[in-house]
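S.K.: 3D, please:
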Amino acid sequence: MHRLVQAGSWQPKRDGASWIRFCLTAHHLQTQEVQRRFEAASRLWFRLQRLAEQHRLDERTVSALYAATQGYLHRTTYQAEEALTRDQALADLRTLRRLDLIESVGHGRTQRYIAGSVLRKIRAGVHAEVHADLYREPYRQR
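M.R.: As a prediction, this is how the structure comes out:
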């Protein structure tokens, strides 16, 4: 933009195409990133649903598995989101731990659960799939 305006006056003969191309490219790349995040979340959720089915887990545990892959599974949050009793939430988390799908970190109020090795492998696979292609720059000058 600095080429179009100099000393506070409009300079119509100056070319703003490179600035516009820069701005549009930035927006396009950001859109691609958001699309990749959405695609990764969708694929991950679908794979976690299949994993829950394989282990004959209640469908509600998929949200716990997903939260664990993101590193922020807390019993109280899971309990509230799935409208469970404390005992139901604890039973689900014990089952997931017994299957080595999640691991606990911390104690008491700071306790949370993270992905176990199986979930980490699934998440890494999804990440690799979704990020296999490079970002496209649609406004590249030829």
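
S.K.: right, and Gly71 touches Arg120 too?
M.R.: No. In this structure Gly71 lies outside contact range of Arg120 using Cβ atoms under 8 Å: 10.5 Å. Backbone N, C-alpha and C define where each C-beta goes, glycine included.

S.K.: more neighbours, the two?
M.R.: Arg120 (14 against 11; other Cβ atoms under 10 Å).

S.K.: The helix or strand containing that one - what's its average pLDDT?
M.R.: Assigned by DSSP states H and E, Arg120 belongs to helix 117-130. Confidence over helix 117-130, taken as the mean pLDDT, stands at 95.

S.K.: Equivalent analysis for stretch 95-102, please.
M.R.: The model assigns stretch 95-102 a mean pLDDT of 97.

S.K.: Need the contact partners of it.
M.R.: Residues outside stretch 95-102 that contact it (Cβ atoms under 8 Å, 6 or more residues apart in numbering): 51, 55, 57, 61, 64-65, 68, 73, 93, 103-104, 113-119.

S.K.: Okay, and which of these map to helices?
M.R.: 51, 61, 64-65, 68, 93, 117-119 (DSSP state H).
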